[in-house]
Structures are given as structure tokens and as C-alpha cells.
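Chemist: Curious how this folds, go ahead:
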Amino acid sequence: MENNSIFNAQNDLFHSIFPQPDKEDPVSLEFKKLMISNEPHGSFKFSLLIELVQRIDHSLESIKYFTRISQGKFRDKTFDDHFQHIFNEEIGKVDLVLSSVLNYLKVNSTETKINTVHALIENVLKKNQTQMDEKKIRVFKKFKEDLPETITPDEHLKYILDSTLKYAIRWMPVNGGVGFMTRLFINQRQPGEVSAPSFGEGKYIEISILFDGYRKTIEQSEPILKDPSPEKKETLDFELRLIDEMVKKNQGMMEFGIDGQKGRTLITLRFPVERRKIVYYPSIN
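Modeler: All right, here's what the predicted structure looks like:
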């Protein structure tokens, strides 16, 4: 009888900590209204609710930790076992509800894809930081604000940028510098021009990589190779030819130039602008 009294008392205590949801609970009603409302899923309220659930989840992790370290601390083993059982069971219920709500919110919210080009440049710079540190290479950046997205897939663009930077590092001297500049480029037929532009008309994202150093065996009489013939294309390094093929595969264009007097190389990449607004769903993991 004494144990039953203890169990009943503790049950009352745990239910006061983890109360059963009330059908008329105003918070629950507001949550339901938000779920069925016509508001954009990326609205401020939606983002705020996601943050609230995440904060509660973090607090729950602290409670789990406290429960684990409290195991075996009670003199009454029966009470200790009952305490652990009830707490783990109730925490498990709350944990399941929170994870379900958070995942539901994520798969119903969209995020706009922005600043991808600059993010990928920063990514490849970080990836090659060790090699640049060995040569004490300085990095300069001049990014255009609000640069639009490109139709080029992220992995293709990442490969192009990474391969170009690796090529630059290969030919750069110790204490050299490399600069990245981005801008919006508009390609159109010039007044009086009979032939079509060397590549499609329209808006392009332009990425220029200028670095100290160059391969001296390249003929300096051809400073820029916009659309080289098969013979001239053979003068490009194998790595650059692979980059050029990937750029063309994505309807873009690569220009390559050297300045022997200043000892610098310029590689310019252009990719078509994505006209649509790109959105994606956050991962639930």
C-alpha cells in the first residue's frame, strides 16, 4: 500500500510536469490555425515556430542528461527505478512530438536559393586553404551584391571553380596573389554587327580569376582565347581544356589570357543567368 501511495504521488508529480494536452488549449488551437492557414510557409510566424520547437528540443536534451546522471542516486531503489521509467517514458513522448512537428514544419517551408556563386567560391577557397598557405598566397575578392543565380548545377560550378583555383595555385609563385571578381554581364548584338555573338545573347554571371604567374610556354601572341580553333586549343593545358568543356556543357564560355609583362593570368568564366526563382525544402536530417 505504501509503494502504491508513492507511485500515485509521483504520477501526479510527473503529470504536473508533463500535462496532458487540453482540447481547448489556446496554444494548440493557434498551432492548428497556423497549419491550415493560407500564409506563405516562409512567413515570419512559420520561422518563429520552427525556432521555438528547436529551443524546446534543446531544453529537452538537458532534461535527458539530468535524468541519466540521476540514475542510482536515490536511496529507495524501487522509487529510483520508477522515477527513471516514468521520466524516460514521458520524455520519449515529448521528444517524438517535437521531432514530428519540426520535420513537418521543415518539409512545408521553402527557402529561396541566393548567393550560391559567392558561397561556392568561399567553399573552394577554404578547401584549398592549406595549399595556399604553403605558398603564402594572398586572396582578393570583389563580389557584386545581389548577384543572380545561374542555371549551372552547383556541383558542376563547384568543379569548375575548384579546378580553376588548383590550376592557379600550380603556376603561382610564393607570396603571389589571386583575385576573384563577379559581375552581371549582358551579351547582345552590337549595332551594325552582321554575325551573331560568339555565344548566346542574354544575361550572364561573370566570374574573373586573376592570379600572379603563368605558363611561359603559351604563345603570348594570342593573349585571349575566346573561341579557339582546334589547333590553338591544343596550346591550352589539359586541365583548362577539361574546364572549358564543362563550361560549354553548361552553355557558358571561358576566356583565357596572359600578360607576360606583368606576369599574370586571367581566366574569365560566364554562365547563363537563371530566370526563375529557385526554392528548395530544408533537409529534415
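
Chemist: all helices for this protein, in order.
Modeler: Shown for the chain, the helices assigned by DSSP state H span residues 2-17, 26-36, 44-69, 77-107, 116-127, 129-134, 154-171, 230-233, 238-249.

Chemist: Now do the buried residues in the longest one.
Modeler: For helix 77-107, burial by neighbour count (16 or more other Cβ atoms under 10 Å) applies to 82-84, 86-87, 90-91, 95, 98, 101-102, 105-106. From N, CA and C alone the C-beta is placed, and that goes for glycine too.

Chemist: Check the fifth one too.
Modeler: For helix 116-127, the neighbour count (16+ other Cβ under 10 Å) marks 116-118, 120-121, 124-125 as buried.

Chemist: closest to Lys141 among the residues you listed?
Modeler: Set against Lys141, the nearest of these by Cβ to Cβ is Ile121 (7.5 Å).

Chemist: Contacts only, for the closest one.
Modeler: Each residue near Ile121 by Cβ atoms under 8 Å, 6 or more residues apart in numbering is listed here: 141, 143, 161, 180, 182, 207.

Chemist: Okay, buried residues for stretch 239-259 please.
Modeler: Within stretch 239-259, the residues that count as buried by 16+ other Cβ under 10 Å are 240, 243-244, 246-247, 250-258.

Chemist: of all those residues, which two lie farthest apart?
Modeler: The distance between the two most remote of the buried residues of stretch 239-259 (Cβ to Cβ) is 25.9 Å, for Gln251 and Ile258.

Chemist: Out of the buried residues of helix 77-107, which comes closest to Phe66?
Modeler: Using Cβ to Cβ, these come closest to Phe66 at Phe87, 9.0 Å.

Chemist: The closest one touches Thr67, doesn't it?
Modeler: Yes. Phe87 is in contact with Thr67 according to Cβ atoms under 8 Å; the separation is 4.8 Å.

Chemist: Could you point out which of the helices of the chain sits nearest Gly213?
Modeler: Shortest separation from Gly213 across these is recorded for helix 154-171, at 4.2 Å, computed as Cβ to Cβ.

Chemist: what separates that closest one from the chain centre, distance-wise?
Modeler: On the basis of Cα atoms, centre = their mean, to the nearest Å, helix 154-171 sits 18 Å off its chain's mean C-alpha point.

Chemist: go on, stretch 57-76?
Modeler: Per Cα atoms, centre = their mean, the centroid offset for stretch 57-76 relative to its chain is 36 Å.
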